[in-house]
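S.K.: Need a 3D model of the sequence below.
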Amino acid sequence: MAEPAEETVDQAPDSPATDLRASVRKRARQRLRRAQALVEHSSDILFIVDAAGNPIYVSPAAGQILGYAQDRPLGQSTLDLLHPEDAALTAEALAGVMSGRSHENMIVVRTRAIDGGYRFLELRAKSFLDDPDIEGVLVSARDITDQRRAEADLRSSEQRFRSVLENSPDIIVAIDAAGTITYVSPASERILGRCADDLIGSGVLEFVHPDDVAAAATGLEYSRSSPGHHSSIPLRLLHVDGRWVAVETMSNNLLADPIVHSVILNVRDVSERRHMERELALAQQQLIDSFDQAAVGMALIDLDGHYTRVNRAMCEMLGYEEHEMLGQSYDMVTWPDSDETPRDRLHEAQCRGLDMYHVEKRYRHREGHLVWASVGVTIVRDESRNAKYFVSQAIDITARKELEYRLKYDAVHDPLTGLPTRTLLFDRLDNALAAARRNHLSVAVLFIDLDDFKAVNDSLGHVAGDEVLLAVARRLRESVREVDTAARFGGDEFVVICPEVDGIAGAVDIAERIRSNLATEIPAAGTTVRIDASVGIAISDGGASGDALLGEADSASYGAKRRGGRGWELAETLNGSGAVVGGAR
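M.R.: Down below sits the predicted model:
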């Protein structure tokens, strides 16, 4: 706003009229400067808009609030700065003021700032079209952007918290200092079948199970006397249908809060959780009972191979009390010369990521005897597939193993004498020859044919004959070395395999020892008989087959018998003539 030009007064200098007019002009200039200062320093934007809606004056606050230079908005219509949705409302308000329909109007609009964003302005418009000094509509624009945003945030926050309360799965209850319910969230209808109107105004203890009232009252009193303290209490509340609902309450004393002025209870329905806990406890007890009462041996083993739990069947199978096994190493009950190494096996299974494995294991009973078991080991792992511990199930298969051993033994041993039969004989002969080839050693085969054994059967009977055969078998075992094998070849024929023999001399020495032991009298059928034998000897360094070597020894035995028996003879491949090399007749 420009100052008005001073009027020229044709009066004599220093006249009273001149002084008065000068004083008036001075006061007017002072008022004008004050008015300009107020306008220019106002935090509100002041517009003067002409009858066409164009700004003819804009105060400096426009630059501070909207970022425009003071003269920039003067070149465009006031409506051009408004948000498109607010332009019509503003035009209508200005028209109402200009037409005189309204003396003054107030609206809130969004005005575009120089950065492209919008600011909220509260506009107050008043017409001064008839004022010759203004000739327009004076618009005062106050920036209320921060206020509107704060109000929007407050409304959003209020809506958010209201939504949280109304949609909370827990019941939110507010009670006053006397314990009366003043607010309850909608979850009460879902959990207790009771709406807010049924609960507000009631005492908070009215719906608590009689057995829980004392604990609830104590907890509530403690909460009221301890501001800021949080306490949790398990309770049962009465459902509208008469059943009791298990809940867990958490209280927070906000009586000192000027806005809340209540004790806030967070009531959570835990009936399903309690049901699951009971089911879980039952399942765990059933699992424990199944573990303890299982007919098979069961044990839990830690990653270091120590027993952490064993059941009754496991203790009975191994002869230990439970407390004696707990904490002990898996190795403690393993048979000393077992091929399997339990700790290594567990470690291998753990490293290979196996979930289970089976093995036939030899245990050592507390009393020292062998216990065979079929063992299944399960590796229990965590969510990351790391092993936590092992579960072992052991079934005693000692009787089965003994039967298997007996059957295998009987299949290759003579039922009368217990000596190996032909099957085992040939197997050991082949092994001896293979070892002889590897180690450049000799193997001797002694074929033994009892002399005049038929006469024993004919004169004394077959029972006596069996007694003689048993005695012969016993004396054969006593006559040979530990590395030798004495076998019954059939009838009254026996074979001895002598691995690592010291040539012909060593084989002859064994043959003489056998004949000497057989020559003593044998008790049978209440009398005694004297038995002698014809022995054929064949020796090989491993080059011959088992059948060939046995055939040579058989032929040599036949040769010794043909010459009258009671002696030994070397195979022709050894003496080159078939003549008896030695032996008594």
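S.K.: CA atoms for contacts and neighbours, from now on please.
M.R.: Fine.
S.K.: so where does Phe120 fall, helix or strand?
M.R.: Phe120 belongs to strand 118-128 when assigned by DSSP states H and E.
S.K.: which outside residues touch that strand?
M.R.: Residues from elsewhere that reach strand 118-128 (CA atoms under 8 Å, 6 or more residues apart in numbering): 66, 83, 93-94, 97-98, 100, 103-113, 134-145, 148.
S.K.: next one: stretch 351-359
M.R.: Taking CA under 8 Å, 6+ apart as the rule, stretch 351-359 contacts 349, 374-380, 385.
S.K.: Same check on stretch 150-166?
M.R.: For stretch 150-166, the external contacting residues (CA under 8 Å, 6+ apart) are 172, 185-187.
S.K.: Scan the residues you listed and report the most crowded one.
M.R.: Greatest neighbour count in the contacts of stretch 150-166, by other CA atoms under 10 Å, goes to Ala187: 23 neighbours.
S.K.: Dihedrals phi and psi, the closest residue to that one other than its chain neighbours?
M.R.: Of all residues not flanking Ala187 in the chain, Ile171 sits nearest, at 5.0 Å (CA to CA, 6 or more residues apart in numbering). Note on Ile171: its backbone torsions stand at phi -80, psi 120 [degrees, to the nearest 10].
S.K.: about what we covered before: can you say which of the contacts of stretch 351-359 are buried?
M.R.: Among the contacts of stretch 351-359, those scoring as buried are 349, 375-380 (criterion: 16 or more other CA atoms under 10 Å).
S.K.: among those, which two are most distant?
M.R.: Across the buried ones among the contacts of stretch 351-359, the longest distance by CA to CA is 15.9 Å; it joins Val375 and Val380.
S.K.: Counting only helices, which of the contacts of stretch 351-359 make the cut?
M.R.: Ala349 (DSSP state H).
S.K.: Just the closest of the contacts of stretch 351-359 to Ile259, please.
M.R.: For those, the nearest to Ile259 is Arg385 (52.4 Å; CA to CA).
S.K.: what sits against the closest one?
M.R.: Gly353.
S.K.: how close does it sit to His365?
M.R.: For Arg385, the distance to His365 equals 35 Å [CA to CA, to the nearest Å].
S.K.: Restricted to helices, list the contacts of strand 118-128.
M.R.: Using DSSP H, the contacts of strand 118-128 in helices are 66, 93-94, 97-98, 145, 148.
S.K.: What is the nearest of the residues you listed to His306?
M.R.: Checking the ones in helices among the contacts of strand 118-128 one by one against His306 (CA to CA), the nearest turns out to be Arg148, at 71.2 Å.
S.K.: so is Ala544 in a helix, a strand, or just coil?
M.R.: Classification of Ala544 by DSSP: H, G, I helix; E, B strand; the rest coil places it in coil.
S.K.: Give the buried residues for stretch 59-70.
M.R.: Across stretch 59-70, burial judged by 16+ other CA under 10 Å covers 59-63, 65-66, 68-69.
S.K.: Quick one: mean pLDDT over it.
M.R.: In this model, stretch 59-70 has an average pLDDT of 73.
S.K.: Next: stretch 104-117.
M.R.: On average, stretch 104-117 scores 80.
S.K.: repeat for stretch 301-321
M.R.: Stretch 301-321 comes out at a mean pLDDT of 92.
S.K.: Can you list the neighbours in contact with that stretch?
M.R.: Contacts of stretch 301-321 (CA under 8 Å, 6+ apart): 291-300, 322, 325-331, 333, 342-343, 346-347, 363-367, 371, 387-392, 394, 396.
S.K.: do that again at 7 Å, thanks
M.R.: With contacts defined as CA atoms under 7 Å, 6 or more residues apart in numbering, stretch 301-321 is touched by 291-300, 322, 325-330, 343, 365-366, 388-391.
S.K.: and these, which are buried?
M.R.: 291-292, 296-300, 325-326, 329-330, 365, 389-391.
S.K.: Which member of the residues you listed is positioned nearest Arg422?
M.R.: Looking across those and measuring by CA to CA, the closest to Arg422 is His365, at 36.4 Å.
S.K.: list the contacts for that closest one?
M.R.: His365 sits in contact with 318-319, 333, 371, where contact means CA under 7 Å, 6+ apart.
S.K.: Help me confirm that Lys408 is found in a helix?
M.R.: Yes - the assignment for Lys408 is a helix, going by three-state DSSP.
S.K.: can you offset everything so residue one is 3?
M.R.: That works, and once the first residue is 3, the last one we named lands at Lys410.
S.K.: shaky segments in the stretch 153-302 of the chain?
M.R.: Applying pLDDT under 70 to the stretch 153-302 of the chain flags the ranges 159-160, 163, 166, 230-231.
S.K.: For it, which segments count as helices?
M.R.: Ranges of helices in the stretch 153-302 of the chain, per DSSP state H, counting those that start in this stretch, are 189-194, 198-201, 215-227, 273-295.
S.K.: among the ones you listed, which is the most enclosed?
M.R.: helix 189-194 (a mean of 20; mean count of other CA atoms under 10 Å).
S.K.: now what about it, what contacts it?
M.R.: With CA under 7 Å, 6+ apart as the contact definition, helix 189-194 has outside contacts at 170-173, 196-197, 240-242, 271.
S.K.: how about 10 Å then?
M.R.: 167-175, 195-198, 200-201, 209, 239-247, 249, 269-271, 273 (CA atoms under 10 Å, 6 or more residues apart in numbering).
S.K.: Dump the C-alpha coordinates for that helix into CSV.
M.R.: In CSV, the C-alpha atoms belonging to helix 189-194 read as follows (Å, rounded to 0.1, in the frame of the first residue of the first chain):
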residue,chain,number,x,y,z
ALA,A,189,-14.9,-59.7,22.3
SER,A,190,-17.0,-60.4,25.4
GLU,A,191,-19.9,-61.5,23.2
ARG,A,192,-17.8,-64.0,21.4
ILE,A,193,-16.0,-65.4,24.5
LEU,A,194,-18.7,-65.2,27.2
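S.K.: any idea how far it is from the chain center?
M.R.: Computed by CA atoms, centre = their mean, to the nearest Å, the chain-centroid distance of helix 189-194 equals 36 Å.
S.K.: Repeat that for stretch 45-59.
M.R.: 74 Å.
S.K.: what do you get for stretch 203-223?
M.R.: On CA atoms, centre = their mean, the centre of stretch 203-223 falls 41 Å from that of its chain.
S.K.: Tell me where the stretch 303-452 of the chain has helices.
M.R.: 314-320, 324-327, 344-353, 400-414, 424-441.
S.K.: The residue nearest to Ala189: how many residues sit nearby?
M.R.: Quick note: Ile173 (other CA under 10 Å) scores 25 neighbours.
S.K.: Next one: it relative to Phe209, how far apart?
M.R.: Counting by CA to CA - Ile173 and Phe209 are separated by 14 Å.
S.K.: Thr336 too?
M.R.: From Thr336 to Phe209 the distance is 63 Å (CA to CA).
S.K.: try Leu320
M.R.: Counting by CA to CA, the gap from Leu320 to Phe209 is 59 Å.
S.K.: if you count what's nearby, which of those two comes out ahead?
M.R.: Counted by other CA under 10 Å, Leu320 and Phe209 do not tie: Leu320 has more neighbours, with 21 against 17.
S.K.: would a markdown table of the helices of the stretch 153-302 of the chain with distance to Ala179 be doable?
M.R.: Output for the helices of the stretch 153-302 of the chain, formatted as a markdown table (distance: least, CA to CA, whole Å):
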| stretch | distance to Ala179 |
| --- | --- |
| helix 189-194 | 21 |
| helix 198-201 | 16 |
| helix 215-227 | 7 |
| helix 273-295 | 29 |
